[in-house]
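Engineer: Sequence plus the predicted model coming up.
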Amino acid sequence: MSVTTAPVLPLWIGGAEVVGTSGRFGDVFDPALGEVIRRVSFAGPSDVDRAVAAARAALPGWSDTPPLRRARILARYRELLESHRAELAGLITQEHGKTLPDAAGSVQRGIEVVEFAEGIPHLLKGEHSEDVAGGVDSHSVLQPVGVCAGITPFNFPAMVPLWMFPMAIACGNTFVLKPSEKDPSTSLLLARLFHEAGLPQGVLNVLMGDGEAVNALLSHPGVNAVSFVGSTPIARHVYETSARTGKRVQALAGAKNHAVVLPDCELEFTANALIGAAYGSAGERCMAISAVVAVGDVGDRLVERVRQKAAALKVGPGTEAGVEMGPLVTSAHRDRVRGLIEKGVQEGAKPVLDGRGLKVPGSENGFFLGPTLFDGVTTSMTVYREEIFGPVLVVLRARTLDEAIAIVNQNPYGNGTAIFTNSGNAARTFEHDIEVGMVGINVPIPVPMAFYSFGGWKQSLFGDLHVHGAEGVKFYTRTKAVTTRWPEPEEKGKAGFTMPTLG
Ligand code: NAD
């Protein structure tokens, strides 16, 4: 398809499609073909104003809708998502490149957040204390924050938006979503289905665009809270700008996730786990394992098993049955990853497997890169320090578990990590000492279920609260504490001039 004939994706404001007024467009590729398949109309500042105005206009009605009625719309939405699972997965594979089963799995993890959000009336209950003082009671209520914005990355075009808006909306907020401009179709379908489920117009709006739309949202006085997921430099910018303009903010950021492998691990199990975690989705996961710390004498055996398995991976279009790894999202990203592999070679890392020469017959223009494995990596090398976000696994060596833990803890990121061992004692030490938000024990990608919260530590999260689960409810609500006294008939009381105390 030529760029000029590619269909144009609109924005979704107030329950209807509108074309952005910026006059700017983005190209959306099928990365397996290397061709533009759609264009996306970018929002300008006036579209941002319109979307925020639509969300603000819908706020009083939606926040006053009883939580149970809101939850019933979410239940209908979940059913629609389930019946459109294949269509959603197809769009993800088409624009992102990951395999269809992987895309379907990510849709399922998103649906599970909607399922959790259906039960939010239970979590919106406040607390009540009778007689905090003689004849005085206290209770708290949880109220919506207002208009919330969500800014999401390319790598999970359904799951990450679904981490945010179902939770916010179930709590009584209205929402403006700004998805990645690289694979925007899924968000539009998510919004249309919510509308079909009975969501009033204006409660969920979708703004297409890039940094211009994001920055207009961050400085907009009508936006009360911002949820962001993406790379660390942009997360820091979103966090600082939102805080400066008085908004509540959570900004989930980049990662460099380590697997620590002990000599007593199940070697075959561990090698299989590492292959899936490093090369699944072409390494474009914030929970991908991108660094292995091999402890003691396990290193050589492990590297050889991982090399054999990585070399045998089937790479191709994500729509093809049996394919285990698809292309990277854009040619620019593929070239960046290639450049980092080159840098690794220059800096003295040992390329055990180099994916740069890969050719996929029939998809010569696709943005493919084969699995790459580096051994002999040190913490000063660029391939270790940078988040590569591609199919590149680097192996470091450590003499002891303590040394391995120190390597992980010195890394500025702290999103996910895993240990592979048969020792409960070693696993327990690791769990306790490691400075990372999500930990797997013989589980390579420990993504918490919707009823736990998802989030990293250190430079993998700017803000205080993680997404979904109980922390998601906290983020999307404000607490009000109420103190009540009902005087007896004729009770006169007396003026109080001292700080009231219990009694
Ligand atoms: P990105 O930071 O480039 O983009 C994320 C969002 O920010 C997009 O919507 C984009 O349009 C917007 N954006 C880009 N440049 C901007 C700018 N200058 N100003 C304002 N907004 C801007 O991230 P990406 O490449 O789409 O996604 C990959 C990154 O996301 C990786 O770093 C990955 O680790 C991270 N990620 C983190 C998590 C997590 O939970 N911690 C989950 C998924 C992805």
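Structural biologist: Cool, got the structure.
Engineer: What helix or strand is the closest residue to residue 487 other than its chain neighbours located in?
Structural biologist: Computed as Cβ to Cβ, 6 or more residues apart in numbering, the closest residue to residue 487 that is not its neighbour in sequence is residue 493, at 6.5 Å. Yep, even glycine has a C-beta here, placed from its N, CA and C like the rest. For residue 493, there is no helix or strand it lies in under DSSP states H and E.
Engineer: I'd like the distance from residue 493 to the ligand, if you could.
Structural biologist: Separation of residue 493 from the ligand (Cβ to the nearest ligand atom, to the nearest Å): 53 Å.
Engineer: so how many other residues sit close to that residue?
Structural biologist: Using other Cβ atoms under 10 Å, residue 493 is surrounded by 8 other residues.
Engineer: what pLDDT does the residue located most distally from the centre of the chain get?
Structural biologist: Distance from the C-alpha centroid of the chain, by Cα atoms, centre = their mean, peaks at residue 490 (58.9 Å). pLDDT for residue 490: 90.
Engineer: circling back to that earlier point, so what pLDDT did the residue nearest to residue 487 get?
Structural biologist: Listed pLDDT for residue 493 reads 87.
Engineer: Counting neighbours, show which residues of whichever strand or helix holds residue 234 come out buried.
Structural biologist: Following DSSP H and E, one finds residue 234 within helix 232-244. Residues of helix 232-244 classed as buried: 232, 234-235, 237-239, 241-243 (neighbour count, 16 or more other Cβ atoms under 10 Å).
Engineer: can you check stretch 415-425 too?
Structural biologist: By neighbour count on 16+ other Cβ under 10 Å, the buried set for stretch 415-425 is 415-421.
Engineer: ok, now stretch 466-481?
Structural biologist: Applying 16+ other Cβ under 10 Å to stretch 466-481 flags 466-469, 471-477 as buried.
Engineer: Residue 350 and residue 372 touch, don't they?
Structural biologist: No: in this structure, residue 350 is not within contact of residue 372 by Cβ atoms under 8 Å, at 11.5 Å.
Engineer: domains of the protein?
Structural biologist: Domain assignment for the chain by automatic domain parsing gives 3-253+460-481, 257-441.
Engineer: what about the longest one, near the ligand?
Structural biologist: Pointing back at domain 3-253+460-481 there. Yes: using Cβ under 6 Å from any ligand atom, we find that domain 3-253+460-481 touches the ligand at 151-156, 160, 178, 180-181, 210-211, 214-215, 229-231, 234, 237, 252-253, 460.
Engineer: so of these, which ones are in strands?
Structural biologist: 151, 178, 229, 252 (DSSP state E).
Engineer: How about the contacts made by the third one?
Structural biologist: Counting by Cβ atoms under 8 Å, 6 or more residues apart in numbering, residue 229 makes contact with 151-153, 160, 163, 235, 251-252, 286, 467.
Engineer: what do you get if the cut-off is 10 Å, keeping everything else the same?
Structural biologist: 150-153, 155-156, 159-161, 163-164, 180, 235, 238, 250-253, 286, 454-455, 461, 467 (Cβ atoms under 10 Å, 6 or more residues apart in numbering).
Engineer: Sketch out the low-pLDDT regions of the protein for me.
Structural biologist: Scanning the chain for pLDDT under 70 picks out 1-4, 502-503.
Engineer: Taking the centroid of it, which residue is nearest it?
Structural biologist: Centroid-nearest residue in the chain: residue 160, 4.3 Å away (criterion: Cα atoms, centre = their mean).
Engineer: Excluding covalently adjacent residues, which one is nearest to that residue?
Structural biologist: residue 152 (4.6 Å).
Engineer: so the residue nearest to the centre of the chain sits right up against residue 287, yeah?
Structural biologist: No: here residue 160 lies out of contact with residue 287, judged by Cβ atoms under 10 Å, at a distance of 11.8 Å.
Engineer: which bits of the stretch 351-500 of the chain sit near the ligand?
Structural biologist: Residues of the stretch 351-500 of the chain lying near the ligand (Cβ under 6 Å from any ligand atom): 387, 389, 415, 456, 460.
Engineer: Take these and write them to a markdown table, including secondary structure.
Structural biologist: Output for those, formatted as a markdown table (DSSP: H, G, I helix; E, B strand; the rest coil):
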| residue | secondary structure |
| --- | --- |
| 387 | coil |
| 389 | coil |
| 415 | coil |
| 456 | coil |
| 460 | coil |
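Engineer: so, if you compare those, which one comes nearest to residue 41?
Structural biologist: Checking these against residue 41 with Cβ to Cβ, the nearest one is residue 389 at 26.8 Å.
Engineer: so how many other residues sit close to the closest one?
Structural biologist: Residue 389 has 26 neighbours, counted by other Cβ under 10 Å.
Engineer: For the ligand, see how far away residue 414 is.
Structural biologist: Distance, residue 414 to the ligand, by Cβ to the nearest ligand atom: 10 Å.
Engineer: does residue 110 really touch residue 156, like I thought?
Structural biologist: Yes: using Cβ under 10 Å, residue 110 is in contact with residue 156, at 7.9 Å.
Engineer: any shared contact partners between the two?
Structural biologist: 162-163, 186.
Engineer: Kindly reformat these as TSV containing secondary structure and neighbour count.
Structural biologist: What follows is the shared contacts of residue 110 and residue 156, written out as TSV (DSSP: H, G, I helix; E, B strand; the rest coil; neighbours: other Cβ atoms under 10 Å):
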residue	secondary structure	neighbour count
162	helix	29
163	helix	26
186	helix	29
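Engineer: Could you double-check that residue 17 sits in contact with residue 205?
Structural biologist: No: if you go by Cβ under 10 Å, residue 17 and residue 205 don't touch, sitting 11.3 Å apart.
Engineer: Pull the contacting residues for residue 154.
Structural biologist: Residue 154 makes contact with 95-97, 160, 179-184, 230, 284, 329-330, 333, 389 under the criterion Cβ under 10 Å, 6+ apart.
Engineer: how does it look with 7 Å?
Structural biologist: Residue 154 sits next to 96, 180, 182-183, 329 when contact means Cβ atoms under 7 Å, 6 or more residues apart in numbering.
Engineer: Could you do residue 318 as well?
Structural biologist: 32, 93, 97-100, 326.
Engineer: Not counting sequence-adjacent ones, nearest residue to it?
Structural biologist: Nearest residue to residue 318, sequence neighbours excluded (Cβ to Cβ, 6+ apart): residue 326, at 3.7 Å.
Engineer: any idea how far the one you found lies from residue 283?
Structural biologist: 11 Å (Cβ to Cβ, to the nearest Å).
Engineer: Those two - which one has more neighbours?
Structural biologist: Regarding residue 326 and residue 283, a neighbour count based on other Cβ under 10 Å identifies residue 326 as having more, with 32 against 25.
Engineer: CA-only coordinates of stretch 165-174, as PDB, when you get a sec.
Structural biologist: Provided in PDB are the C-alpha atoms of stretch 165-174 (Å, rounded to 0.1, in the frame of the first residue of the first chain):
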ATOM      1  CA  PHE A 165      -8.600   3.200  31.900                       C
ATOM      2  CA  PRO A 166     -10.800   0.400  33.200                       C
ATOM      3  CA  MET A 167      -9.500   1.000  36.700                       C
ATOM      4  CA  ALA A 168      -9.800   4.800  36.500                       C
ATOM      5  CA  ILE A 169     -13.300   4.600  35.000                       C
ATOM      6  CA  ALA A 170     -14.500   2.000  37.500                       C
ATOM      7  CA  CYS A 171     -13.500   4.400  40.200                       C
ATOM      8  CA  GLY A 172     -15.700   7.100  38.700                       C
ATOM      9  CA  ASN A 173     -13.100   9.100  36.800                       C
ATOM     10  CA  THR A 174     -13.200  10.100  33.100                       C
END
